[in-house]
Structure formats: C-alpha cells, structure tokens
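J.: only geometry, no sequence info:
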C-alpha cells in the first residue's frame, strides 16, 4: 500500500522558516515525481514545487521562488520543502503528491500538514 506522510507543519512568525517532509512508503516504482501543493482557506489547491526522483529536475511556483526549495533523499524515499522568509499568505495546508506513470498517470496524496504564519 502506497503511503505518503507529511510532517513539519507548525505555527511560525512571519519571516521565519520551516522544513516540511514527505515520507513515501509502499512504492515499487523507481521513477516518480513528488510535488508539494497547498490549499489556503477558501482557495483552490495550488502546486508549489515538484521534483523528479530520477532526474532531480525541479519546478517551483513563481510566487515562492527564492524562498521555497524542494529536495529529495532517494535513499530515504523522502522529499523536503525548505521554506524561508515565510509570509502570512503562505498559511495553508500543505500536501505532498506522488505522480507515477503506469501506462497512465497515477497520483497518491498525503494527508496534509498545517502551516500557519502569524504576524
């Protein structure tokens, strides 16, 4: 059974930093991508950053570029989202998602972790 477990969310003051983790288990695939998404109250879920496990290539949302950095430790099957200079508008539930190609794309989601940025 594929499972993604996020951790690291917390209450932090504006300007502070957090590192989110996404631990994947139950995977039998060597090549997949991990993406971080977030959903603020009353807003749609949006993609924040993603990384390819095989190539290491990344993509990051323009509004967080330079503040958020995605990385992965393939040996631990864990992806990270390092967030610095946090702003009030970064407050959201952050989710990780694995994307796997098995004849068609399949997606696996974690349960989410709350990030709250206070003034």
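T.: It's in. It should be emphasised that the depicted structure is a prediction, and the values quoted were computed from it without experimental measurement. Residues are numbered from 1 along each chain as shown.

J.: run through the bridge partners of the residue nearest the centre of the chain.
T.: Central residue of the chain (Cα atoms, centre = their mean): residue 36, 2.6 Å from the mean position. Applying DSSP bridges to residue 36 yields these beta-bridge partners: residue 49, residue 96.

J.: distance of it from residue 119?
T.: 24 Å (Cβ to Cβ, to the nearest Å). Backbone N, C-alpha and C define where each C-beta goes, glycine included.

J.: pretty sure the residue nearest to the centre of the chain contacts residue 83?
T.: No - the criterion here is Cβ atoms under 8 Å, and residue 36 misses it with residue 83 at 9.6 Å.

J.: overlap in contacts, the two.
T.: 20, 68 (Cβ atoms under 8 Å, 6 or more residues apart in numbering).

J.: list the contacts for residue 61?
T.: Per Cβ under 8 Å, 6+ apart, neighbours of residue 61: 46-49, 68.

J.: tell me the confidence at the residue of the chain most remote from its centre?
T.: Computed with Cα atoms, centre = their mean, the residue of the chain farthest from its C-alpha average is residue 103, at 24.4 Å. The model reports residue 103 with a pLDDT of 86.

J.: tell me the secondary structure at it.
T.: When classified by DSSP: H, G, I helix; E, B strand; the rest coil, residue 103 comes out as coil.

J.: over to residue 79?
T.: Quick answer, by three-state DSSP: residue 79 is strand.

J.: my guess is it meets residue 34, correct?
T.: Yes - the pair residue 79 / residue 34 is scored as a contact, 4.0 Å apart, by Cβ under 8 Å.
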